[in-house]
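**Student:** could you look at this predicted model? Sequence included:
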Amino acid sequence: LSDAAKYDASCASSGSTRRDSRDGKGLGSNEGSGICHAYTPDGRCISLLKILMTNFCIYDCAYCINRVSSNVPRARFSVDEVVTLTIEFYRRNYIEGLFLSSGIIRSPDATMSDMVRIARKLRQEENFRGYIHLKTIPDAAPELIEEAGQLADRLSINVELPTDASVRQYAPEKNPDQIRQAMADVGKRRQAAKDRTHTGRRAPRFAPAGQSTQMIVGADGANDSTILGQSTRLYGNYGLKRVYYSAFSPIPDASSRLPLISPPLQREHRLYQADWLLRFYDFGLDEITSTTRDGNLDLDVDPKLAWALAHRADFPVDVNRASRELLLRVPGFGVKTVKRILGTRRHRRIRYEDLIRIGASVKKAQSFIVADGWTPGALTDSANLRARFAPPPEQLSLF
């Protein structure tokens with residue numbers, strides 16, 4: 001059940017409530033941020049206990065290895081087994097929290113009820129103060145999702161696929177409208193928990209680390225423009241902390257209805273990079289996805305570099321004079337780097353060596369900037385500039 005959970009994207013506890021057990025009344029702690037993850041070869045996350053409650057499932061989603069028509073071996077934890085496992089692993093310092101997902105058994109309400117019982121036992125009976133992330137079931141009763149949010153640090157509801165048409169085709173038991181409604185309800189409850197009453201009291205906390213979602217990419221024909229457009233709407237409409245992209249890998253199972261070629265994991269990586277540019281670098285969706293003809297991202301170079309190569313007329317930029325918006329578009333400059341540049345140049349002019357000390361990736365940036373002591377000359381417009389960054393051609397094996 002740990003190996004079965006490797007397809008579920010988990011996340012750190014950033015934004016949650018700080019808790020500890022130094023008062024001697026509980027077990028565990030949560031710093032509010034910083035649970036990092038390391039994955040073992042069998043899929044275990046060794047900082048969060050990452051498991052499915054069960055890999056039985058009554059649904060037949062074509063892209064899921066645990067679908068009802070799959071012939072994988074089945075297993076199931078009881079409620080008490082998950083509670084005991086979490087507590088004992090924490091006491092051994094194996095984990096810092098729990099990430100719990102599940103296949104659907106009997107009904108969405110029955111499954112969600114068991115997951116809530118696990119969280120309730122951990123919080124109320126074991127007084128566990130560590131991090132809990134629950135993958136919630138959108139079809140479950142609202143009161144179950146509400147209690148889940150009061151017990152867990154983070155909730156996530158999977159949007160499944162980039163388009164409603166794909167969800168209806170490959171996950172016919174799931175309703176895209178119901179998924180969005182559940183996400184909206186979580187968002188409203190989170191907002192309500194932040195508001196104070198007229199007496200100044202706060203409502204009970206609700207999923208303080210926010211909600212996230214997961215999207216399967218490559219199982220249908222959606223291009224990257226469609227995928228990122230859906231993510232942009234999700235961020236804007238539901239206040240998500242994160243959209244996780246999961247590259248679809250065909251399952252060697254005769255019952256599979258998806259004879260599609262798996263995209264490389266590089267596509268998943270590029271989508272994360274593009275997602276970051278949309279959220280924190282003021283890029284527009286059309287800017288990122290217009291560098292290729294088919295609306296997909298360039299797999300050989302990162303999205304910001306692909307944009308810069310397609311807009312060489314905007315470069316080189318002078319690091320001593322350019323605006324923040326333009327500096328953010330320089331390959332090799334991150335948000336922190338740009339902040340340091342702006343802070344430094346209030347006091348003195350910036351030289352090329354200063355950029356190295358500031359932390360810029362000058363190997364990538366040098367073709368696109370001017371600084372005191374540095375000019376790229378003809379490098380910006382050179383015909384082989386892309387070849388300097390793209391991976392070299394590789395001879396494929398015939399066998």
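**Tutor:** Perfect, thanks for sending it. If you're wondering where the values come from, they're calculated on a predicted model, not measured in any experiment.
**Student:** where do the helices sit along the stretch 101-250 of the chain?
**Tutor:** Counting by DSSP state H, counting those that start in this stretch, one finds helices in the stretch 101-250 of the chain at the ranges 108-120, 142-151, 164-170, 176-194, 224-238.
**Student:** can you pull the contacts of Tyr281?
**Tutor:** Tyr281 is in contact with Lys304, Leu328, Arg329, Val335, counting by CB atoms under 8 Å, 6 or more residues apart in numbering. Quick note: C-beta positions are derived from backbone N, CA and C, even for glycine.
**Student:** mind giving me TSV with the helices of the stretch 101-250 of the chain and columns for mean pLDDT and mean neighbour count?
**Tutor:** Converted to TSV, the helices of the stretch 101-250 of the chain look like this (pLDDT from 0 to 100; neighbours: other CB atoms under 10 Å):
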stretch	mean pLDDT	mean neighbour count
helix 108-120	96	20
helix 142-151	94	19
helix 164-170	93	17
helix 176-194	91	17
helix 224-238	94	19
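**Student:** reformat the ones you listed as a markdown table; add distance to Leu48.
**Tutor:** Written out in a markdown table, the entries for these read as follows (distance: least, CB to CB, whole Å):
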| stretch | distance to Leu48 |
| --- | --- |
| helix 108-120 | 14 |
| helix 142-151 | 16 |
| helix 164-170 | 28 |
| helix 176-194 | 20 |
| helix 224-238 | 23 |
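**Student:** okay if I get the contacts of Tyr281 as JSON lines plus secondary structure and pLDDT?
**Tutor:** Rendered in JSON lines, the data for those read as follows (DSSP: H, G, I helix; E, B strand; the rest coil; pLDDT from 0 to 100):
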{"residue": "Lys304", "secondary structure": "helix", "pLDDT": "95"}
{"residue": "Leu328", "secondary structure": "coil", "pLDDT": "96"}
{"residue": "Arg329", "secondary structure": "coil", "pLDDT": "95"}
{"residue": "Val335", "secondary structure": "helix", "pLDDT": "94"}
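**Student:** and which of the residues you listed is nearest to Phe248?
**Tutor:** Closest approach to Phe248 among the contacts of Tyr281 (CB to CB): Lys304, at 25.5 Å.
**Student:** who touches the closest one in this structure?
**Tutor:** Shown in contact with Lys304 (CB under 8 Å, 6+ apart): Gln273, Leu277, Tyr281, Phe283, Arg329, Pro331.
**Student:** which residues of the stretch 151-300 of the chain score low on pLDDT?
**Tutor:** In the predicted model of the stretch 151-300 of the chain, residues 196-200, 249-264 satisfy pLDDT under 70.
**Student:** so Ser101 touches Ala5, yeah?
**Tutor:** Yes. Applying CB atoms under 8 Å, one finds Ser101 in contact with Ala5, separated by 6.0 Å.
**Student:** between these two, which one's more packed in?
**Tutor:** The residue with the greater number of neighbours, taking Ser101 and Ala5 and applying other CB atoms under 10 Å, is Ser101; the counts read 26 against 23.
**Student:** just the buried subset of the contacts of Tyr281, please.
**Tutor:** Lys304, Leu328, Arg329 (16 or more other CB atoms under 10 Å).
**Student:** Asn223: which of those residues is nearest?
**Tutor:** Out of the buried ones among the contacts of Tyr281, the member with the shortest distance to Asn223 (by CB to CB) is Lys304, at 19.2 Å.
**Student:** secondary structure class for Lys339?
**Tutor:** helix (DSSP: H, G, I helix; E, B strand; the rest coil).
**Student:** burial of it, as a residue count?
**Tutor:** Here the number of neighbours of Lys339 (other CB under 10 Å) works out to 13.
**Student:** quick check: it vs Leu278, distance?
**Tutor:** From Lys339 across to Leu278, the span is 19 Å (CB to CB, to the nearest Å).
**Student:** what are the ranges of the strands in the protein?
**Tutor:** Taking DSSP state E as the criterion, the chain contains strands spanning 48-52, 97-101, 131-135, 154-156, 211-217, 242-247, 317-318, 369-370.
**Student:** can you redo those as JSON lines with distance to Val167?
**Tutor:** Supplementary listing: the strands of the chain in JSON lines, determined by distance: least, CB to CB, whole Å:
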{"stretch": "strand 48-52", "distance to Val167": "21"}
{"stretch": "strand 97-101", "distance to Val167": "18"}
{"stretch": "strand 131-135", "distance to Val167": "17"}
{"stretch": "strand 154-156", "distance to Val167": "17"}
{"stretch": "strand 211-217", "distance to Val167": "10"}
{"stretch": "strand 242-247", "distance to Val167": "15"}
{"stretch": "strand 317-318", "distance to Val167": "43"}
{"stretch": "strand 369-370", "distance to Val167": "45"}
